[in-house]
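In: Here is the input, now give the coordinates:
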Amino acid sequence: MKADVYSYGVLILEIISGRNSAKTSWGGMQKLLLESAWQLYEEGRLLELVDPEMGEFPEEEVIRHLKVALFCTQAAANRRPLMSQVVEMLSRDLRLNEKILTAPGFFQDPAGTSGAPSTKKLSANSSSYQMSSVPVTITDVKPR
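Out: Numbering: from 1, shown residues only. Just a heads-up that it's a prediction; the model follows:
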């Protein structure tokens with residue numbers, strides 16, 4: 001299920017960064033972990049996301065895990081890899097096609113602060129907000 005892949009990507013980011021994805025404070029700025037990860041990726045500074053408590057680590061392997069996490073958290077669910085593809089990306093020495101990597105799904109208001117949609121108050125008089133949407137499938141299981 002694609003939602004599981006998204007969650008797995010967020011989990012990878014949380015583990016490597018040592019940060020909670022729900023917190024909006026990152027480096028003294030009001031940014032979500034996912035938003036910060038994407039910005040650092042675009043700036044070629046992805047290793048700055050790594051928790052300093054990790055000490056020494058294999059840089060190439062950590063960068064690979066962070067990039068796979070970004071593939072898993074793309075805004076469009078149909079662009080995310082299947083979990084079997086994630087396992088293959090992490091366990092084999094495959095070249096990741098970063099040309100097809102797109103921005104992750106996160107909420108951002110025009111003022112530049114980010115947060116979960118539930119933390120923002122929207123009203124008819126409020127300014128417009130930009131929000132990425134991700135299709136969700138809900139299965140209602142009923143006994144026979």
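In: Next up, identify which helix or strand R95 is on.
Out: Using DSSP states H and E, R95 sits in no helix or strand.
In: Look up phi and psi at Q74.
Out: phi -60, psi 150 (degrees, to the nearest 10).
In: correct me, but it touches E98?
Out: No: at 11.8 Å, Q74 does not count as touching E98 under the criterion of Cβ atoms under 8 Å. The way it works is simple: take the backbone N, C-alpha and C, and place the C-beta from them, glycine included.
In: Looking at the two, which has the bigger crowd around it?
Out: For the pair Q74 and E98, the greater number of neighbours falls to Q74 (23 against 10), based on other Cβ atoms under 10 Å.
In: Please report how far that one lies from V68.
Out: 11 Å (Cβ to Cβ, to the nearest Å).
In: Equivalent analysis for A75, please.
Out: 16 Å.
In: Pull out the buried positions in the helix ranked longest in the chain.
Out: Ordering each helix of the chain by length in residues (DSSP state H) puts helix 2-17 first. For helix 2-17, a neighbour-count test (16 or more other Cβ atoms under 10 Å) marks K2, V5, Y6, Y8, G9, V10, I12, L13, E14, I16, S17 as buried.
In: CSV for the residues you listed, including pLDDT?
Out: Output for these, formatted as CSV (pLDDT from 0 to 100):
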residue, pLDDT
K2, 58
V5, 93
Y6, 93
Y8, 94
G9, 95
V10, 93
I12, 96
L13, 95
E14, 95
I16, 96
S17, 94
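In: Save the residues you listed as a markdown table, and put in distance to V87 too.
Out: A markdown table is the format used below for the buried residues of helix 2-17 (distance: Cβ to Cβ, whole Å):
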| residue | distance to V87 |
| --- | --- |
| K2 | 15 |
| V5 | 11 |
| Y6 | 16 |
| Y8 | 10 |
| G9 | 13 |
| V10 | 17 |
| I12 | 13 |
| L13 | 18 |
| E14 | 19 |
| I16 | 18 |
| S17 | 22 |
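In: Having no further points to raise, I will conclude here.
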